[in-house]
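Peer 1: Here's a sequence, model it:
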Amino acid sequence: MKKSLVLMLVMLLSVGIVLAACGGKESSNSNSNASKLDQIKDRGKLVAGVKYDVNLFGLKDPKSGDVKGYDIDLMKALAKHIFGKDKKIDDILELKQVNSKTRMELVSSGDIDLASATATITEEREQTVDFGNVYFIAGQSLLVPKDSKIKSVDDLGKDTVVISVKGSTSEQNIKEAAPDAKVTLFDDYAQAFTALKSGKGDVLTTDNAILMGMHKQDPDYVLTGGLFTDEPYGMIFNQDDDEFREYVNDFLNDMKESGELAKIYKKWFGEEPPEDILKENTMLK
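Peer 2: You can find the predicted model right below:
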């Protein structure tokens, strides 16, 4: 009898463990199957990838630790849209630093919910991630010291060292526009600008809006050569997050219609946004 009772208890205990494991697995699966927006709401916080080294878009103040810029203000507005305007922004928004090389990887892996990080929409990139509607339009240009003889991409020859950033469209574009020039790459724009100022290159190339921020930091460096590309920016989404992407697109459309997007744009760039940005559902294709 004692052996039978012990055997029954062992069997019941084994069944309980199996059921508990199955229950835990089911709970985990149900969470993973929730939409991105539901996951964000359950978490109670939006996790957004932004740059910390691009003046006017996302720049970290070394003294206060605050990150400020156009992208940052848009992410703050999105977090308030999701959780309510009465919530404290630090409670509902977590900013994670990304750069041109890591932003798409971190979205694809699910480490961040989306990235708003000066990302140009391209068909090549759309093979691995999705983009939201256009929220900024830039064009590639050149930044040089005030006394530079470089006036356009036509002046970039075999003796010219051009500084750019890894993983950016600027790297590809400059190699096509000035195939004879030497291109030196850095991980982020802070490093690239420091390299230009320390004489490690003759010219720095990227989107004009980013270069404008550098010029504001140090007026001894100026933009030249006009624009030689079109660079429409879009927020980056995981390809499985169609519902969340459309939710953010609707949010952007509301911002455009209410005038809030224009207000934020003017705050950072000192002028009204171009009409193409304010059109509803502005997209690359």
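Peer 1: for stretch 41-51, which positions count as buried?
Peer 2: Buried residues in stretch 41-51, counted by 16 or more other CB atoms under 10 Å: Lys45, Leu46, Val47, Ala48, Gly49, Val50, Lys51. To be clear about C-beta, it is placed using only N, CA and C from the backbone, and glycine gets the same treatment.
Peer 1: and if you look at stretch 158-175?
Peer 2: 160-165, 167-171, 173-174.
Peer 1: Which of those residues fall within helices?
Peer 2: If you go by DSSP state H, the buried residues of stretch 158-175 have Thr169, Ser170, Glu171, Asn173, Ile174 in helices.
Peer 1: hang on, the earlier thing: from the buried residues of stretch 41-51, which single one is nearest Ile82?
Peer 2: Leu46 (6.1 Å; CB to CB).
Peer 1: And for that closest one, nearest residue in space, chain neighbours not counted?
Peer 2: Counting by CB to CB, 6 or more residues apart in numbering, Leu46 lies nearest to Ala79, which is 4.6 Å off, once chain neighbours are set aside.
Peer 1: For the helix or strand hosting that neighbour, buried residues please.
Peer 2: Using DSSP states H and E, the element containing Ala79 is helix 70-83. Neighbour counts using 16+ other CB under 10 Å place 70-83 of helix 70-83 among the buried residues.
Peer 1: max-length strand in the chain?
Peer 2: strand 130-138 (DSSP state E).
Peer 1: got the residue ranges for the helices in the stretch 151-285 of the chain?
Peer 2: 169-177, 189-197, 208-217, 242-258, 260-269, 275-278 (DSSP state H, counting those that start in this stretch).
Peer 1: Okay, buried residues for the shortest one please.
Peer 2: Judged by neighbour count using 16+ other CB under 10 Å, the buried positions of helix 275-278 are Ile277, Leu278.
Peer 1: What average pLDDT does it get?
Peer 2: Over the span of helix 275-278, the pLDDT mean works out to 85.
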